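**Q** quick one, structure for this:
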Amino acid sequence: MKPFEEQKFSIGELKGISAKNIEEHLKLYSGYVKNLNGIFTKLGELMADAEKNAYLIGELHRRIGFEFNGMRNHEYYFRSLEGGPKSLPVDSEFKKLIETQAPSVEAAMVGFKTLAMTRGIGWAILYYDKKVDQLVPAWIDEQHLGQLQGCSPVLALDMWEHSYVADYQPSGKKQYIEDFFANLNWEVIEENFKSAK
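**A** Now for the predicted structure:
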């Protein structure tokens, strides 16, 4: 199996989110890529005697979803912070669709920010469901429980404490969410949406 490659991100100075926090957060992302590749390497070795190693093989397969989604969710997250804050394009397809579901993008994001305040660790993700041409917000426990089958992430906000506690403390969760949006490159979100279509 071809190994997964760690992506590199060009993230400049951010409002509220320190360079040190991003640096540490990127190390965590790197670990997901490394662990995922390690799982597939180990599975290859264990398959030499699949019957004898059936239990270990099964347990490693259980870990794939956690490591894989940890890798991919972070790629959406970090990519959306590249290039500095940018507005949605004037002719935004994402904006046109979201305004069929809410009075405005801003109103929809109030709901998304409320979702992000869900207690516990996980991700607030806005998905696109191609089957019904609709955006679907969802809370993902940890990062592997609750992903929406057949839907593509458009916007992903990391709500594990490691993403904000060094800069905001646990009580600053709401401010972290506001600062994430202040730093968001909406052009990336538009591209995510177009790719999902």
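
**Q** which SSE is the residue most central in space within the chain in?
**A** Centrality entry for the chain: nearest residue to the mean C-alpha point is N73, 2.7 Å, by C-alpha atoms, centre = their mean. Mapping N73 onto the secondary structure by DSSP states H and E places it in helix 54-79.

**Q** mind listing what's buried along stretch 163-180?
**A** Neighbour counts using 16 or more other C-beta atoms under 10 Å place S163, Y164, D167, Y168, K173, Y176, I177, D179, F180 of stretch 163-180 among the buried residues. In this view, the C-beta of every residue, glycine as well, is placed from N, C-alpha and C.

**Q** with secondary structure, distance to E93 and pLDDT added, can I get these in a markdown table?
**A** What follows is the buried residues of stretch 163-180, written out as a markdown table (DSSP: H, G, I helix; E, B strand; the rest coil; distance: C-beta to C-beta, whole Å; pLDDT from 0 to 100):
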| residue | secondary structure | distance to E93 | pLDDT |
| --- | --- | --- | --- |
| S163 | helix | 28 | 96 |
| Y164 | coil | 30 | 96 |
| D167 | helix | 33 | 97 |
| Y168 | helix | 33 | 95 |
| K173 | helix | 31 | 96 |
| Y176 | helix | 29 | 98 |
| I177 | helix | 25 | 98 |
| D179 | helix | 27 | 98 |
| F180 | helix | 23 | 98 |
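
**Q** angle of the lengthiest helix in the chain against helix 54-79?
**A** Scanning the chain for the helix with the most residues, using DSSP state H, yields helix 19-46. Relative orientation of helix 19-46 with respect to helix 54-79: 150 degrees, computed using axes from the mean of the first three to the mean of the last three C-alpha atoms, to 10 degrees.

**Q** packing partners of helix 19-46?
**A** Using 3 or more C-beta pairs under 8 Å, 6 or more residues apart in numbering; DSSP states H and E as the contact criterion, the secondary-structure elements in contact with helix 19-46 are helix 54-79, helix 165-168.
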